[in-house]
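**Q** dropping the sequence and predicted coords here.
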Amino acid sequence: MPKRILVGTVTSDKMNKSVTVKVERKVKHPLYGKIIRRSKKYHAHDENNVHKVGETVRIEETKPISKTKTWRVLETVQASKGTAVEADIEVEAAAASTK
């Protein structure tokens, strides 16, 4: 039987070698027909603690690793939008003062 693969967003990375991944899906309401979002959180194994909050990751179903972990992170699909970028303030200030 093939392993299930889901795509979700990392919501917590506070555990050692583990992340919490929120997977959202869209379903049609049975009576009203409106499309609604349903979400579920999974604990996934992250061996090297490389995945951070906000990243979109792909997780794969595995044999039970612990009481709540039965998934492992395969890869990062998209990096976090909140990543910090260092700015060289001295160069920017020098460039502004010469103008």
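**A** Structure received. Numbers count the residues shown, from 1 in each chain.

**Q** now the strands for this structure?
**A** 5-12, 18-28, 35-45, 56-61, 69-78 (DSSP state E).

**Q** run the chain-centre distance for the last one.
**A** Relative to its parent chain, strand 69-78 has a centroid offset of 8 Å by C-alpha atoms, centre = their mean, to the nearest Å.

**Q** residues near residue 27, how many?
**A** Applying other C-beta atoms under 10 Å, we find 10 other residues in the vicinity of residue 27. In this view, the C-beta of every residue, glycine as well, is placed from N, C-alpha and C.

**Q** doesn't residue 40 make contact with it?
**A** No: Residue 27 is beyond contact range of residue 40, at 11.9 Å (criterion: C-beta atoms under 8 Å).

**Q** bridging residues for residue 57?
**A** In this entry, residue 57 is beta-bridged to residue 8, residue 76, by DSSP bridges.

**Q** same deal with residue 41?
**A** residue 22.

**Q** what residues does it make contact with?
**A** 11, 20, 21, 22, 23 (C-beta atoms under 8 Å, 6 or more residues apart in numbering).

**Q** and for residue 51?
**A** Residues counted as contacts of residue 51 (C-beta under 8 Å, 6+ apart) are 10, 13, 19, 57, 73, 76.

**Q** look up how far residue 32 lies from residue 5.
**A** 31 Å (C-beta to C-beta, to the nearest Å).

**Q** show me which of the contacts of residue 51 are buried.
**A** Buried members of the contacts of residue 51, scored by 16 or more other C-beta atoms under 10 Å, are 10, 13, 19, 57, 73.

**Q** coming back round to it: for the contacts of residue 41, which one is nearest residue 68?
**A** Among these, residue 20 lies closest to residue 68 (C-beta to C-beta), at 9.8 Å.

**Q** compute the number of surrounding residues for that closest one.
**A** Neighbourhood size, residue 20 [other C-beta under 10 Å]: 18.

**Q** residue contacts, it?
**A** Shown in contact with residue 20 (C-beta under 8 Å, 6+ apart): 10, 11, 12, 13, 41, 42, 43, 44.

**Q** how about a cut-off of 6 Å?
**A** 11, 12, 41, 43 (C-beta atoms under 6 Å, 6 or more residues apart in numbering).

**Q** since that was my last question, I'll sign off now.
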